[in-house]
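# quick check, what structure comes out for this input:
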Amino acid sequence: LSFASTSLSRDIFTNFQLSVAIEIPAYICCLFMIDYWGRRPVLSFCQIFSGVACICCALLQGSEDPTLMIVRLCCSLVGKFGEAAAFGLVYLYTAELFPTCIRNRAVGFCALMGKLGGITTMLLDLLKDFWLPAPVMIMGLSATLAGVLAL
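Below is the predicted model:
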């Protein structure tokens, strides 16, 4: 979502600022939600929430209607909200999963896998030539699947 945030509508700078500004309330909201519902349900909810928003955003790509462009921007921001909350929570949850004797290596390995996933997102951008919504659709489906499996 961060890479595609500048191509959502005509003003790339406003889109990017909105995309970055949505992360602050996401982190704050995540802190309050984990106190009430726990880490795993909130992580799963945020991933499913983000995935569904990405799928909706993908289905709206390619339209030039101004109303649908605003809806697509809102879906992207909702997805970014869920993704930022899940990303902030995943490091806390991952650190608590592993025993103390291997915690540093395990969290480092999980961070490495996350960075490799970030590298592959750049390769997904090449799929736009075949089907415009493909990159966002694949990310939305994988986030939704991860949220369901985390339950």
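# what's the closest non-adjacent residue to A26?
Leaving aside its sequence neighbours, A26 sits nearest to A84 (C-beta to C-beta, 6 or more residues apart in numbering; 3.8 Å). For every residue, glycine as well, the C-beta is placed using N, CA and C.
# and what of L68?
L60 (5.5 Å).
# am I right that the one you found is in contact with C74?
No: at 9.9 Å, L60 does not count as touching C74 under the criterion of C-beta atoms under 8 Å.
# more neighbours: which of those two?
Shown here are L60 and C74; by other C-beta atoms under 10 Å, L60 has more neighbours (20 against 16).
# count of neighbours near S19?
Neighbour count for S19, taken as other C-beta under 10 Å: 22.
# check which helix or strand it maps to.
Assigning secondary structure by DSSP states H and E places S19 in helix 12-21.
# which elements pack onto that helix?
Judged by 3 or more C-beta pairs under 8 Å, 6 or more residues apart in numbering; DSSP states H and E, the packing partners of helix 12-21 are helix 66-97.
# buried set for the helix it packs on?
Within helix 66-97, the residues scored as buried using 16 or more other C-beta atoms under 10 Å are 69, 72-90, 93-94.
# most distant residue from the centre of this protein?
In the chain, counting by C-alpha atoms, centre = their mean, C101 sits farthest out from the average C-alpha position, at 30.7 Å.
# ok, the residue nearest in space to the middle of the chain - contacts?
The structure's the chain has its C-alpha centroid closest to E83; by C-alpha atoms, centre = their mean the separation is 3.0 Å. Residues in contact with E83 (C-beta atoms under 8 Å, 6 or more residues apart in numbering) are 1, 26, 46, 50, 143.
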